[in-house]
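# Sequence and predicted structure, then a few things I'm wondering about:
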Amino acid sequence: MKFIEEVVVDEFLPTVRSMLAEDLRERGFTQREVADALGISQSAVSKYAHGDVARHDRIVADERVRDLVERVGEGLAAGEMAPVAALVEIEVLIRRLEEGDLLADLHEEAMPALADAEVEFAVHDPDSGLRERERVLSSVRRGLRTLTNASGFARLIPNVGANVAECLDDARTIDDVAAVPGRLVDVKGQAMVPGEPEFGVSEHVATVLLAAREAGATARGAVNVRYVPETVEALAESYPALEFDPERPTDEAVADAVAGAESTDALVLFQTGAVGIEPIVYVLAPTASEAAAIVRDIV
C-alpha cells in the first residue's frame, strides 16, 4: 500500500528541491544560501549539487514544474519572494498535480489497483467515486459477516440463493450495485459465500433494489431471503411490507408496489411465487449492513 503523500515525499519533493538548488546555484547563491532558502542542510545541498539525489524524469520534464522552479528561483534571488511564499507556491502546484494529474498518475503507477478501479476520482476528494465504491464494498462485507455469523441464517436462504447488495448514491444500472458474485447457498446448514463482493454481479437483487429506488425509495442496501409468511409478519411489525406480482416484469411490479409506501428508507418487498417462480422476500435498508442486521434479528 502506497499513499499519494509518499509519492510527493519520495519523488516530487527531492526532484523539485534538486532543481531549485541547481537554479539558485546558477544564480550565484552559495551552498549556505541555498540551504537557508530551501530550509535544508548544507549536506543535502551538496548531494543535490553532485547528483547524488535521483530526479524523476517525468517531474523534471513537466512544464509547470519547470516554470515553478524558474519563478521561485528568480523570486528568491531577487528578494521578491520569501521562503514562506515559495512554500505556498509549491504547495499549490502539488495540490493541482494530485487531482487527476501528474501525481495522481504516478500514484496509480505505484498502486495499479487504483487504475483497475475504472472510476474517475480525485485522490484527496472525500466525495470521490473511488472512496464511495470502497465504502459500499465495505458495507457489503459487514453485511455478509453479520449473516454468516448468525445462527440459523442458512435456513432462510432460498433455493435460488441469497445475496447482499448495496448501490452507489447515483446508481442507474447493475454496474453501480455491489454484491456477491454468484449467490450465498446453504451447505449443510452453513451459509457459504462464493467470493469477494464486487460491482455488477447481481442482476437478481440489483434489479429489485434499483426499481425500488426509481420509484422513490431511498434505501441503498438489500438482502433477499426465503419467503415464509411468519417472516413477513415479523418484519411487517417494524417496516412497510409490500407485495408485488412475480408474473409481471420485476422493475414495473416493484415500482408499483413501492409507489404507495409511506416510508422508503427501510421496507420489505415480497412475492408469493408463481409457476416456475420461487417466492422471495427482499429486505431493503439504508445500507447493506443495516439490511443484514434486520434479517439477523428475525433469525
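All right, it came through fine.

# Please verify my assumption that Gly161 contacts Val187.
No. Contact criterion Cβ atoms under 8 Å: Gly161 and Val187 do not qualify, at 11.3 Å. Backbone N, C-alpha and C define where each C-beta goes, glycine included.

# And the two? Which one has more around it.
Gly161 (18 against 10; other Cβ atoms under 10 Å).

# tell me the contacts of that one?
If you count contacts by Cβ atoms under 8 Å, 6 or more residues apart in numbering, Gly161 has them with 182-185.

# same thing but at 6 Å, please
183-185 (Cβ atoms under 6 Å, 6 or more residues apart in numbering).

# Just want the phi and psi numbers for it.
phi 90, psi 160 (degrees, to the nearest 10).

# In this structure, where's the longest helix?
helix 129-148 (DSSP state H).

# After that helix, which helix or strand is next?
Downstream of helix 129-148, the first helix or strand assigned by DSSP states H and E is strand 164-167.

# which secondary structure elements does that next one contact?
Secondary-structure packing of strand 164-167 (3 or more Cβ pairs under 6 Å, 6 or more residues apart in numbering; DSSP states H and E): helix 129-148, strand 177-179, helix 203-214, strand 221-226, helix 288-298.

# Mind putting those into JSON lines with mean neighbour count?
JSON lines is the format used below for the helices and strands packed on strand 164-167 (neighbours: other Cβ atoms under 10 Å):
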{"stretch": "helix 129-148", "mean neighbour count": "19"}
{"stretch": "strand 177-179", "mean neighbour count": "30"}
{"stretch": "helix 203-214", "mean neighbour count": "22"}
{"stretch": "strand 221-226", "mean neighbour count": "27"}
{"stretch": "helix 288-298", "mean neighbour count": "22"}
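
# Please report the distance of Arg145 from Glu290.
Distance of Arg145 to Glu290, computed by Cβ to Cβ, to the nearest Å: 13 Å.

# Please disregard the earlier target; I meant Ala35.
Counting by Cβ to Cβ, the gap from Ala35 to Glu290 is 57 Å.

# would you put the C-alpha positions of stretch 151-160 in CSV?
Taking Å, rounded to 0.1, in the frame of the first residue of the first chain, the C-alpha atoms of stretch 151-160 are listed here in CSV:
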residue,chain,number,x,y,z
SER,A,151,-27.0,-18.9,13.8
GLY,A,152,-29.9,-20.2,11.7
PHE,A,153,-29.5,-17.8,8.7
ALA,A,154,-28.8,-20.6,6.3
ARG,A,155,-32.4,-21.9,6.6
LEU,A,156,-33.6,-18.5,5.3
ILE,A,157,-31.6,-18.9,2.1
PRO,A,158,-34.0,-19.6,-0.8
ASN,A,159,-33.4,-22.3,-3.4
VAL,A,160,-32.1,-19.7,-5.9
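
# how far does it sit from the chain's center?
Relative to its parent chain, stretch 151-160 has a centroid offset of 30 Å by Cα atoms, centre = their mean, to the nearest Å.

# Check stretch 150-160 too.
Counting by Cα atoms, centre = their mean, stretch 150-160 comes out at 29 Å from the chain centroid.

# Please apply the same query to stretch 101-115.
15 Å.

# tell me the mean pLDDT over that stretch?
Mean pLDDT, stretch 101-115: 81.
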